[in-house]
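1. Predicted model, plus sequence, below.
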Amino acid sequence: MRPILFSVIIVLLAGCASQADREDTPVVMVVDSKGAPIAGALVTPELDSTSTSRPSVIAADDRIKMTSDAQGVIHPYLDDYYWATDGCFHFIATRRGYLDATLTVSKDLFPNPLRIRMDAIGEAAPPKPAIGAP
């Protein structure tokens, strides 16, 4: 009986510790206009105006962390997105079939989760006025 009780306590403590870790870690998601997750969106940092060059190639490991998974979540190192000059995080999201999205979020007001909204091509365009409409 004691081994079972001991096992249950270990499982409960492990579950509590992992939940606390998840709450402390900021989550960045990519969603469409209806709030549904977008898988396969690449979210890169916008470069600070003081940067002299833009990297032309992103390492495969970094690309995986910067690409949204099936739940729309990316797993980046957020310091890469932070500009000390203005105290904000700067994101650029791209995905085929969607308009690019650029987002700047203050470090002090960073929501958890942060949702980067991308509009499907053609979806965000305002409707054209009817012919003869004032």
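-> Nice, I can see it.

2. Only C-alpha atoms from now on, for both contacts and neighbour counts.
-> Noted.

3. my read: L99 touches I92, true?
-> No. At 10.7 Å, L99 and I92 do not qualify as touching, with contact defined as C-alpha atoms under 8 Å.

4. lowest-pLDDT helix or strand in the chain?
-> Lowest by mean pLDDT, DSSP states H and E among the helices and strands of the chain is helix 2-24, with a mean of 51.

5. immediately after it, which helix or strand?
-> strand 28-31 (DSSP states H and E).

6. Please enumerate residues in contact with that next one?
-> 37-39, 41, 68, 71-75, 93, 112-118 (C-alpha atoms under 8 Å, 6 or more residues apart in numbering).

7. Just the buried residues of those.
-> Those of these that meet the buried threshold are 37-39, 41, 68, 72-75, 93, 115-118, by 16 or more other C-alpha atoms under 10 Å.

8. any weak-confidence spans in the chain?
-> Where the chain drops to pLDDT under 70, the residues are 1-24, 48-56, 123-134.

9. again, only using 50
-> 15-22, 52, 133 (pLDDT under 50).

10. Do me a favour and get the end-to-end distance for stretch 71-80?
-> From its first residue to its last, stretch 71-80 covers 22 Å (C-alpha to C-alpha, to the nearest Å).

11. what comes up buried for stretch 59-68?
-> 63-68.

12. swap that for stretch 33-50, please
-> 37-48.

13. Now intersect these with the strands, please.
-> Per DSSP state E, strands hold the following members of those: 42-45.

14. I'd like those residues written out as JSON lines, with distance to G122 added.
-> Putting those into JSON lines (distance: C-alpha to C-alpha, whole Å) gives the following:
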{"residue": "L42", "distance to G122": "20"}
{"residue": "V43", "distance to G122": "21"}
{"residue": "T44", "distance to G122": "23"}
{"residue": "P45", "distance to G122": "25"}
